[in-house]
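[1] Got a predicted structure here, sequence first:
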Amino acid sequence: MIIIMDERSKKYLIDQKSEFQSDLGIISQESLANAKIGETLTTHLNKKFKVIKPNVNDFIDLMDRRCSILIQKDIGTVISKCGLGNGDKVVDAGTGAGAIALNFGNIVGESGHVYSYEIREDFADVAKKNIEKFGLSEIIEIKNRDIKEGIIEKEIDLVFLDLNKPYDIFEDVYESLNTGGHLAVYAPYIDQIETSYKIAKKVGFMNLSIIETLEREIEVRTQGTRPKTRMVGHSGYLLFGRKL
């Protein structure tokens, strides 16, 4: 799997098994099959495409979704706040298209594991295909199962929940975590996260905090440097707690 980028910086995910066609022309299957990272490929219309090595963000930009996904500012906050590392074991519920599961799997590596629960069969199927395509199917296990029926896995380092009523399973989450393990919850509405905080505290989670991450890009122009007029504002609230 490679990514090629055209002169407009538009990216395309390529399997190298068939020819590529776009409005900028055709690249033969033979050229794609022999393509090396860093090379420039030329279409029959003499348009240039750069071959780049895809990372997890490139893949998520181009993968099949079928539903909304968590964005980078929230995914990054979860990973850094919980100190996720190589060899960790993660439970993820509300897989969707698999965006955060892919990020988790990319970090925990071959010595770690991600168990991702998705109640909807159609979403679970899409996520499985995306994970296989990115090459992490040995690390990430998609479970077409309602996590509210119980968390099977034990000695988990992080449980991440993107559910309508995540607090319904906080006791199960507490039991499944290692001592020192983290709970992380994503919720778009303030009442969800407020209820989650109160119940997490009652269950026994410590170091509780709620975070909202806002992202504002800075633009550099000839006349000066300033924040962009538009920014990535509210997407959701993040609750963090720890079993101690």
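    Looks like it arrived, so ask away.
[2] State which strand of the protein is the longest.
    Counting by DSSP state E, the longest strand found in the chain is strand 177-187.
[3] Which other helices and strands does that strand contact?
    Using 3 or more C-beta pairs under 8 Å, 6 or more residues apart in numbering; DSSP states H and E, the elements in contact with strand 177-187 are helix 72-81, strand 156-161, helix 170-176, helix 190-203, strand 237-242. Glycine gets a C-beta too; all of them are placed from N, C-alpha and C.
[4] Relative to it, what are the paired strands and their orientations?
    Applying DSSP bridges to the sheet, strand 177-187 is found paired with strand 156-161 (parallel), strand 237-242 (antiparallel).
[5] Among the ones you listed, show me which one is buried the most.
    Most buried of the strands paired with strand 177-187, by mean neighbour count (mean count of other C-beta atoms under 10 Å): strand 156-161, with a mean of 25.
[6] Residues touching that strand, excluding its own?
    Strand 156-161 is contacted from outside by 78, 82, 84, 88-94, 100, 104, 147, 151, 169, 173, 176-178, 180-186, using C-beta atoms under 8 Å, 6 or more residues apart in numbering.
[7] any idea how far Phe160 is from Asn34?
    Per C-beta to C-beta, to the nearest Å, Phe160 is found 41 Å from Asn34.
[8] Ignore what I typed, I meant Leu24.
    20 Å.
[9] if we can go back for a sec, go through the helices and strands packed on strand 177-187 and pick out the most buried.
    strand 156-161 (a mean of 25).
[10] what angle do that one and helix 72-81 make?
    Calculated by axes from the mean of the first three to the mean of the last three C-alpha atoms, to 10 degrees, strand 156-161 forms an angle of 150 degrees with helix 72-81.
[11] tell me how far strand 156-161 is from the chain's mean position?
    14 Å (C-alpha atoms, centre = their mean, to the nearest Å).
[12] got it, and stretch 134-146?
    In terms of C-alpha atoms, centre = their mean, the centre of stretch 134-146 is found 13 Å from the chain centre.
[13] now swap in stretch 89-109 and tell me
    On C-alpha atoms, centre = their mean, the centre of stretch 89-109 falls 6 Å from that of its chain.
[14] Could you give me the buried positions within it?
    89-108 (16 or more other C-beta atoms under 10 Å).
[15] ok, how many other residues are close to Ile140?
    27 (other C-beta atoms under 10 Å).
[16] Against Phe170, how distant is it?
    24 Å.
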